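J.: How does the following fold in three dimensions:
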Amino acid sequence: MERIPDLYNKKEECCGCSACFSICPKMAISMMPDDEGFLYPLIDEAKCIQCYLCIKVCPLK
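T.: All right, here's what the predicted structure looks like:
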């Protein structure tokens, strides 16, 4: 069974560009604000089909 993609482990590994959000064919990624108002992706595991397009499009991966 495929794993849910790890978009980032620390905030420094995400630039908040929303590329992953934009490319997701199942709209399984939401951009959620942190305590300071910066947006970070959150994957809805129930919607994710493990296509890994989000990882492939990420400029920091």
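J.: SS state for Tyr40?
T.: Of the three states, Tyr40 takes strand under DSSP: H, G, I helix; E, B strand; the rest coil.
J.: Test for you: state the pLDDT assigned to it.
T.: Looking at Tyr40, its pLDDT reads 97.
J.: so how many other residues sit close to it?
T.: Tyr40 has 16 neighbouring residues, counting by other C-beta atoms under 10 Å. For glycine as for every other residue, the C-beta is placed from the backbone atoms N, C-alpha and C.
J.: wait, isn't it in contact with Ile29?
T.: No. Here Tyr40 lies out of contact with Ile29, judged by C-beta atoms under 8 Å, at a distance of 10.2 Å.
J.: Got the phi and psi for the nearest residue to Pro5 once chain neighbours are set aside?
T.: Of all residues not flanking Pro5 in the chain, Ile55 sits nearest, at 5.1 Å (C-beta to C-beta, 6 or more residues apart in numbering). Here is the backbone geometry of Ile55 (degrees, to the nearest 10): phi -70, psi -40.
J.: I figured Ile55 hits Tyr8, correct?
T.: No. Here Ile55 does not reach Tyr8: they are 10.4 Å apart, not a contact under C-beta under 8 Å.
J.: Go ahead and flag the most central residue of the chain.
T.: Pro41 (4.2 Å; C-alpha atoms, centre = their mean).
J.: I'd say that residue and Leu7 touch.
T.: Yes. If you go by C-beta under 8 Å, Pro41 and Leu7 touch, sitting 5.1 Å apart.
J.: ok so, going back, measure how buried the residue nearest to Pro5 is and give me the count.
T.: Ile55 is flanked by 13 other residues according to other C-beta under 10 Å.
J.: ok, now Ile29?
T.: By other C-beta under 10 Å, the residues close to Ile29 number 22.
J.: That one and Cys14 touch, don't they?
T.: No. Ile29 lies out of contact with Cys14 (C-beta under 8 Å); the separation is 11.7 Å.
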